[in-house]
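Undergrad: structure of the sequence below:
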Amino acid sequence: MKVIETKLQGCLIIHPDVHGDNRGFFLETYQEERYAEYGIKYKFVQDNRSRSSFGVLRGLHFQKTRPQGKLVSITRGEVFDVAVDLRPESKTFGEYVGVVLSEENNTQLFVPPGFAHGFCVLSELADFSYKCTDYYSPSDEGGIIWNDPIINIEWPIKDPNLSEKDRLLPTFDDVKCNILGEKK
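TA: The predicted structure follows:
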């Protein structure tokens, strides 16, 4: 497999080896020893899958006190996937990386604990799969508004379909003050 380090330490773009012939294809989506060679030495405790239609944007979500690492991929369709560094000690605190994940490119993104995560759907439908390093806890969930002017994500869609919860998320400035214990 080919692993590409991003500007965000620990956040990796992974291109698994795909073995195909006239019958179809096979690829490993996770193999503990091989992924550990690239620094993904986490125990995954929960697998999730979601389906969304064109223009849906989910995120930017994170867990406040029990951050989840995520190994994300697409089994159907195409999305623009985003990770935002929320580790206050990081040189890239508040920066993001975005990558297109699709059933054609079989690309994965590893989002370490301490990041916000979100995606928007570029195809008619998308099935999104992710392995998590900690359990989801609704009471521990946090988020940042998708169009935050400081993070300034270059989303490939202009008018996304958002949940009411995501429409009301706070700005990065508000979240940053909570993370760093600052007063606004």
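Undergrad: hey, which helix or strand in this structure has the poorest pLDDT?
TA: In the chain, no helix or strand scores lower on mean pLDDT, DSSP states H and E than helix 172-180, which sits at a mean of 82.
Undergrad: report the buried residues of it.
TA: Neighbour-count burial for helix 172-180 flags F172, V175, K176, I179 (criterion: 16 or more other C-beta atoms under 10 Å). C-betas here are computed from N, CA, C, even on glycine.
Undergrad: same check, this time on stretch 70-90
TA: Of the residues in stretch 70-90, those buried (16+ other C-beta under 10 Å) are 70-74, 77-87.
Undergrad: just the closest of the residues you listed to V97, please.
TA: Taking C-beta to C-beta as the measure, V97 lies nearest A83 of the buried residues of stretch 70-90, at 5.5 Å.
Undergrad: contact partners for the residue lying farthest from the centre of the chain?
TA: Going by C-alpha atoms, centre = their mean, the residue of the chain most distant from its centre is N22, 32.5 Å out. Shown in contact with N22 (C-beta atoms under 8 Å, 6 or more residues apart in numbering): no residues.
Undergrad: how many residues are close by Q68?
TA: Counted with other C-beta atoms under 10 Å, the neighbours of Q68 add up to 27.
Undergrad: can you offset everything so residue one is 22?
TA: All right, first residue 22 from here; so that's Q89.
Undergrad: what residues are up against it?
TA: Here Q89 is in contact with F83, P134, C153, T154, D155, Y157 (C-beta under 8 Å, 6+ apart).
Undergrad: among those, name the ones in strands.
TA: Members of the contacts of Q89 lying in strands (criterion: DSSP state E): F83, C153.
Undergrad: ok, the contacts of Q89 vs L29, which is closest?
TA: Proximity of these to L29 was ranked by C-beta to C-beta; the top entry is P134 with 12.6 Å.
Undergrad: what does the pLDDT read for that closest one?
TA: pLDDT for P134: 97.
Undergrad: low-confidence stretches in this structure?
TA: 201-205 (pLDDT under 70).
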